[in-house]
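Asks: quick one, what's the 3D model for this:
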Amino acid sequence: ISASYALHFNSPLDNSSSRISEVMEIVSMTIYSITLLLGTVGNGLVIFLTGFCMKKTVTTIWYLNLAVADFIFAVCLSLEIISTALENHWPLGRLMCKLDAVIPFLNMFASVFFLTVISADRCISVVHPVWAVNHRTLGRAIQIAIFIWVAASMLSFPYFIFRDTQDFPDGSTQCSYMFGGEDTSGLRNHLSVVAAELIIGFLLPFSTILACYCSIVTKLRRTVFRQVGRSFKIIVVIVVTFFCCWFPFHVVSILDTLEDDSLEMKAFLDIGMPIAYGLISLNSCLNPILYVFCGRFESASDEKSGQSLLLKRTLLRSRIYS
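Replies: The predicted structure is shown next:
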């Protein structure tokens, strides 16, 4: 398996695994190339629209930052393509090796945090429209966005520490993870990283997202505000897409921490790890496709009118029952 994209797995390969790896490298190269093209163009278009064409709203702030995270990730896939084309030889030096590890996880944490904030923002606008009108401001949105980037950077820093280059007698250099060898400390470091990925980068955010949408459904189940309900559809699709793209990665990451040296497990990881990483690569170009080609960007007028309808309904109810 390619050490450049094998986020954790660095075991020696037998002949059968080597043949599997050759096939998977071709598949990975294809996925990376498609993602590089669609991800840079698509996310670049989203950045242009939300940054320069659309009126600044809280929603466009979320979409802009999500597109920036995906754009950076897509651009850096060129490093994976170079390494794979050179048969996993890493010619770009130690610093780029470490950055190549940080960027995918910076994208993961930033993306899932922004998706969580988008869901929470929608929930607050629906469940507490009066509070949202008074406190849902561009300034607060920018502050939250900055906090998310700082938090994502801090959570990605361990990958900078554990990723390094390794020189081999044949003159080749590979970029891979080094958690501290086969001793207890190495296993502990590995488990800590995987646990943080799973809990902070997946379970907690998606629990929050599901809770938000349950609250929204409960609040709107008797309404006929199609204009408001329509704005949720694209967010739901994006959340489901993110889940499908990232869940396989967390599964193979957990399996990789198991001390199972069987040929079956090695063969499974040989196939599963590049597929899982290919899926998270595709995620970076799926968001702009959902935004742009589905034509579901929420305009500033839609956002304000939907919130206004909910606010009027809330005020009307308060007058009736007062």
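
Asks: Phe73 versus the residue nearest the centre of the chain, what's the distance?
Replies: By Cα atoms, centre = their mean, the chain has its centre lying nearest to Met108, at 3.2 Å. Met108 sits 9 Å away from Phe73, going by Cβ to Cβ, to the nearest Å. Where C-beta positions appear, they are placed from N, C-alpha and C, glycine not excepted.

Asks: quick one, helices of the stretch 151-300 of the chain?
Replies: For the stretch 151-300 of the chain, applying DSSP state H, counting those that start in this stretch gives helices covering 184-198, 204-220, 226-257, 263-288, 300-321.

Asks: rank those by mean pLDDT and give me the bottom one.
Replies: Of all these, mean pLDDT reaches its minimum on helix 300-321 (a mean of 45).

Asks: ok, and the closest non-adjacent residue to Trp149?
Replies: Using Cβ to Cβ, 6 or more residues apart in numbering and skipping residues adjacent in sequence, the residue nearest Trp149 is Ala110, 6.4 Å away.

Asks: for Ser284, same thing?
Replies: Nearest one to Ser284, counting by Cβ to Cβ, 6+ apart, is Asp70 at 4.0 Å.

Asks: next one: that neighbour from Tyr213, what distance?
Replies: In terms of Cβ to Cβ, Asp70 sits 22 Å off from Tyr213.

Asks: higher neighbour count, the two?
Replies: Asp70 (26 against 17; other Cβ atoms under 10 Å).

Asks: wait, the more buried one sits on Asn107?
Replies: Yes. With contact defined as Cβ atoms under 8 Å, Asp70 and Asn107 form a contacting pair (6.6 Å).

Asks: anything in contact with each of these two?
Replies: Jointly contacting Asp70 and Asn107 under the rule Cβ atoms under 8 Å, 6 or more residues apart in numbering are Ser284.

Asks: where does the stretch 51-200 of the chain dip in pLDDT?
Replies: 181-184 (pLDDT under 70).

Asks: buried set for stretch 264-275?
Replies: Met265, Lys266, Leu269, Asp270, Ile271, Gly272, Met273, Pro274, Ile275 (16 or more other Cβ atoms under 10 Å).

Asks: surely the first one and Thr257 touch.
Replies: To tie it back to what came earlier, the one meant is Met265. No. At 11.5 Å, Met265 does not count as touching Thr257 under the criterion of Cβ under 8 Å.

Asks: follow-up on the earlier one: how about the residue nearest to Ser284, what does it touch?
Replies: Asp70 neighbours (Cβ under 8 Å, 6+ apart): Gly39, Asn43, Asn107, Ser111, Asn283, Ser284, Cys285, Asn287, Pro288.

Asks: quickly find the element holding the second one.
Replies: Applying DSSP states H and E as the criterion places Asn43 in helix 15-48.

Asks: buried residues in that helix?
Replies: Counting neighbours by 16+ other Cβ under 10 Å, helix 15-48 gives 17, 20-21, 24-25, 28-29, 31-32, 35-36, 38-40, 42-43, 45-47 as buried.

Asks: what is it packed up against?
Replies: helix 58-85, helix 263-288 (3 or more Cβ pairs under 8 Å, 6 or more residues apart in numbering; DSSP states H and E).

Asks: pLDDT of it, averaged?
Replies: For helix 15-48, the mean pLDDT works out to 82.

Asks: can you classify His89 by secondary structure?
Replies: Three-state call for His89 (DSSP: H, G, I helix; E, B strand; the rest coil): coil.

Asks: what about it, neighbour count?
Replies: 19.

Asks: same check on Leu258?
Replies: Leu258: 9 surrounding residues under other Cβ under 10 Å.

Asks: what of Leu203?
Replies: The burial count for Leu203: 12, using other Cβ under 10 Å.

Asks: 465 is where my numbering starts, stick with that
Replies: Let's use 465 as the start, then, which means that last one is Leu667.

Asks: relative to Asp534, how far out is it?
Replies: In terms of Cβ to Cβ, Leu667 sits 22 Å off from Asp534.
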